[in-house]
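In: Could you work out the structure for the sequence below:
(chains A and B)
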2 protein chains.
Amino acid sequence: MHNEIIKDIGEKELIRRVAEYMPTNQASDDCALIKTKREDLLINTDLMVENTHFNYKIISPRDLGWKAITTNYSDLVSSGCIEFIGVNIGLVLTPNTEWKWVKELYEGFSEALNKFGGSILGGDCSRGENKMISITAIGLQSKLKLRRNACKPGEILLTTGIHGLSKLGLLIKANQIKKEDLNLGKKLIDQSINAFCRPTPKHQTLKKILLSSEFFMKKEIGCTDSSDGFYQAIFDLSKESKCKAVIDYQKIPKNNNWPDGETWDQHYFFGGEDYELLISLPRDWASKLIQMDKDITEIGYFTQGSPNVEIKNYPNKNNLYNNSYSHF
Amino acid sequence: MHNEIIKDIGEKELIRRVAEYMPTNQASDDCALIKTKREDLLINTDLMVENTHFNYKIISPRDLGWKAITTNYSDLVSSGCIEFIGVNIGLVLTPNTEWKWVKELYEGFSEALNKFGGSILGGDCSRGENKMISITAIGLQSKLKLRRNACKPGEILLTTGIHGLSKLGLLIKANQIKKEDLNLGKKLIDQSINAFCRPTPKHQTLKKILLSSEFFMKKEIGCTDSSDGFYQAIFDLSKESKCKAVIDYQKIPKNNNWPDGETWDQHYFFGGEDYELLISLPRDWASKLIQMDKDITEIGYFTQGSPNVEIKNYPNKNNLYNNSYSHF
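Out: Coordinates of the predicted model:
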């Protein structure tokens, strides 16, 4: 088409088109694999652009630094990273950025690296008209690979935790929900702001998966994180694994104080910026893993069929409307 | 200081400050080293920001794609990269960017990768108010490390080629030099535009250094590329190696059609975006390398003394004025 512009193509189609310039084995997961003679490495790049992903009103530089590292590490974890090596940081700043802002950003980076491992390897700084943080994270691939395309019909679908909190945190920070307008408990508000500003990669889950793997011979299992939202994560697993996901609405774990209603289901299913893992495992392995970690919950299964997500026992009249976020 | 802003701190001081958050062994070279059990990898991130590093008037998307890969690879080469593995690409686009622009950018990436090796491993795309390309390149570290801080007093300083062409190319593309105003030959103009738009990493030089190394036992040698300019490269070697560089103006190789005069010396010494290597070697090794590659030229030596660059036999009345480029 002549003079086609990115806004009209949309983010997903753009990513599909540029993926055509990559070797075919790399395109279905967020992380890429680097093979070396004795070890394989995982590499992942994430961009955070001012006024697209963040602005000074809704997140402090310290929280932003923490979040830039942990969300990147979450992608590595979702591919089966057993050890974080470090990050390269590309930083675009406006000339009138205060040094205090940069210092607190780096303190946030350091805080996350001290907690989860790895160090700042290198990077680049440049002037620009808007702030931008580009982080490339590197980690060691465990022998068990976690991949979007490795779910099998008959397997159980697990989640490491609840969803929707980060979206609620964003709405609160952006003043799009008035605290006094809603009967949200202080605890739910605090948890939501924390989920939005201080997400935690599920780096302990892989160790439990490996511990519980003793009797199960598999080189890879189906997994992704829910950074693009709960529904999108399951849809991506289904699409890349070429089978159908069936989830039971009644089994989905929710925060005790999470309100009922369609708006809240929208936040839960499509809010995004959750960093839980969605994992597909054979029944016996899944049962063993659930015994080891009480936060891990069975929410459905995979079955033969066209890639799709079926939601059983959904109580509301209207179907869920997929309003997942697009950057373009 | 209170409310200090980046513009007042300057680029060098900013880089020095953020380097304090890195492990101390990583900070003096552009590339970082990743140790794995059997092989070491080199990793390097470079940012290219619209209106800071490029704009649509001076470089086509295809040339920009080529240049983004090759300049990044030049950093890997200058640390002793023996094989390119690939790149992660972070791309920020405005919503009204034409797909044609993106397509040609990726064709430029692919052209460079096909020529020099490696592939697109992964990346990220996002919307922003200006275009930005963040490339993280990965390669294999050869057994001989090339490092800024490894020059020794008594060693010879070599250059793989001539400087200044890229700056002239930029001035021509930016219409800051009128072709008709100057008696520049067509060949010099073409070479300069090519140097600016289509730089080539000196990836063959390492092989020659290794071939000529037979009788010389060294684990690392002094080297950097001249991406920040000829003078800055030598100054960086001198500073990081804590010794003095002495260069002979009369030995510096110039393009046959390069005009004389102080302006042209400025372009030569401080123009930047040259991607030649500056190499420090013991005399015998240097002689052997020069025999193998007629483009490699001896231009000076290192000696004990405070980090500095002394220019001998400089013919012009005024000293060279360091007007090297700062992004802030």
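
In: contacting residues around residue A:119?
Out: Contact analysis of residue A:119 by CB atoms under 8 Å, 6 or more residues apart in numbering or on different chains lists A:86-87, A:113, B:22-23, B:26. For the C-beta atoms, the positions are set from N, CA and C on the backbone; glycine is no exception.

In: Just among those, which is most surrounded?
Out: Tallying neighbours with other CB atoms under 10 Å in any protein chain shown puts residue A:87 at the head of the contacts of residue A:119, with 29 neighbours.

In: quick check, it in a helix?
Out: No: using DSSP: H, G, I helix; E, B strand; the rest coil, the secondary structure at residue A:87 is strand, not a helix.

In: who does it bridge with?
Out: Taking DSSP bridges as the rule, residue A:87 bridges to residue A:120, residue A:137.

In: what's whichever residue of the stretch 151-300 of chain A sits closest to chain B in contact with, if anything?
Out: Of all residues in the stretch 151-300 of chain A, the one sitting closest to chain B is residue A:227 (11.4 Å; CB to the nearest CB). By CB under 8 Å, 6+ apart, the contact set of residue A:227 is A:71, A:74-75, A:233, A:272-275.

In: Which of those sits closest to residue A:219?
Out: Nearest to residue A:219, judged by CB to CB, of the contacts of residue A:227 is residue A:75 at 20.4 Å.

In: Ramachandran coordinates for residue A:221?
Out: When read as degrees, to the nearest 10, the backbone of residue A:221 gives phi -130, psi 160.

In: pretty sure residue A:134 contacts residue B:47?
Out: Yes: between residue A:134 and residue B:47 there is a contact under CB atoms under 8 Å: 7.0 Å.

In: of those two, who's got more company?
Out: Between residue A:134 and residue B:47, counted using other CB under 10 Å, residue A:134 has the larger neighbour count: 32 against 24.

In: and the more buried one, helix, strand or coil?
Out: Put simply, residue A:134 is strand when judged by three-state DSSP.

In: and it, how far is that from residue A:125?
Out: Separation of residue A:134 from residue A:125 (CB to CB, to the nearest Å): 11 Å.

In: same question, residue A:33
Out: Distance from residue A:33 to residue A:125, counting by CB to CB: 29 Å.

In: what do you get for residue A:54?
Out: For residue A:54 relative to residue A:125 (CB to CB), the value is 18 Å.

In: Residue A:299 now?
Out: For residue A:299, the distance to residue A:125 equals 43 Å [CB to CB].

In: Surely residue A:269 is in contact with residue A:228?
Out: No: look at residue A:269 against residue A:228 with CB under 8 Å: they stay out of range, at 11.5 Å.

In: Any idea how many residues pack against the closest residue to residue A:82 other than its chain neighbours?
Out: Leaving out its chain neighbours, the residue that sits closest to residue A:82 by CB to CB, 6 or more residues apart in numbering or on different chains is residue A:142, at 3.8 Å. Residues contacting residue A:142 under the criterion other CB under 10 Å number 18.

In: Check residue A:145 too.
Out: Using other CB under 10 Å, the number of residues around residue A:145 comes to 18.

In: Check the residue nearest the centre of chain A and give its pLDDT.
Out: Against the mean C-alpha coordinate of chain A, by CA atoms, centre = their mean, the closest residue is residue A:227 at 2.3 Å. In this prediction, residue A:227 carries a pLDDT score of 94.

In: In which helix or strand does it reside?
Out: Assessed by DSSP states H and E, residue A:227 sits outside every helix and strand.

In: next one: residue A:204
Out: Judged by DSSP H and E, residue A:204 forms part of helix A:203-211.

In: and for that helix, what are the contacting residues?
Out: The contact list for helix A:203-211 (CB under 8 Å, 6+ apart) reads A:73, A:77, A:80-82, A:84, A:116, A:142, A:144, A:146, A:160, A:221, A:277, A:279, A:281, A:289, A:292-293, A:296.

In: Format the CA atom coordinates belonging to stretch A:4-17 as PDB.
Out: In PDB, the C-alpha atoms belonging to stretch A:4-17 read as follows (Å, rounded to 0.1, in the frame of the first residue of the first chain):
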ATOM      1  CA  GLU A   4       1.000   3.400   4.700                       C
ATOM      2  CA  ILE A   5       1.700   4.900   8.200                       C
ATOM      3  CA  ILE A   6       2.400   3.100  11.500                       C
ATOM      4  CA  LYS A   7      -0.700   4.400  13.200                       C
ATOM      5  CA  ASP A   8      -2.800   2.600  10.600                       C
ATOM      6  CA  ILE A   9      -0.800  -0.600  10.600                       C
ATOM      7  CA  GLY A  10      -1.000  -1.000  14.400                       C
ATOM      8  CA  GLU A  11       1.600  -2.300  16.900                       C
ATOM      9  CA  LYS A  12       0.900  -6.100  16.400                       C
ATOM     10  CA  GLU A  13       1.200  -5.900  12.600                       C
ATOM     11  CA  LEU A  14       4.300  -3.700  12.800                       C
ATOM     12  CA  ILE A  15       6.000  -6.300  15.100                       C
ATOM     13  CA  ARG A  16       4.900  -9.100  12.700                       C
ATOM     14  CA  ARG A  17       6.400  -7.300   9.800                       C
END
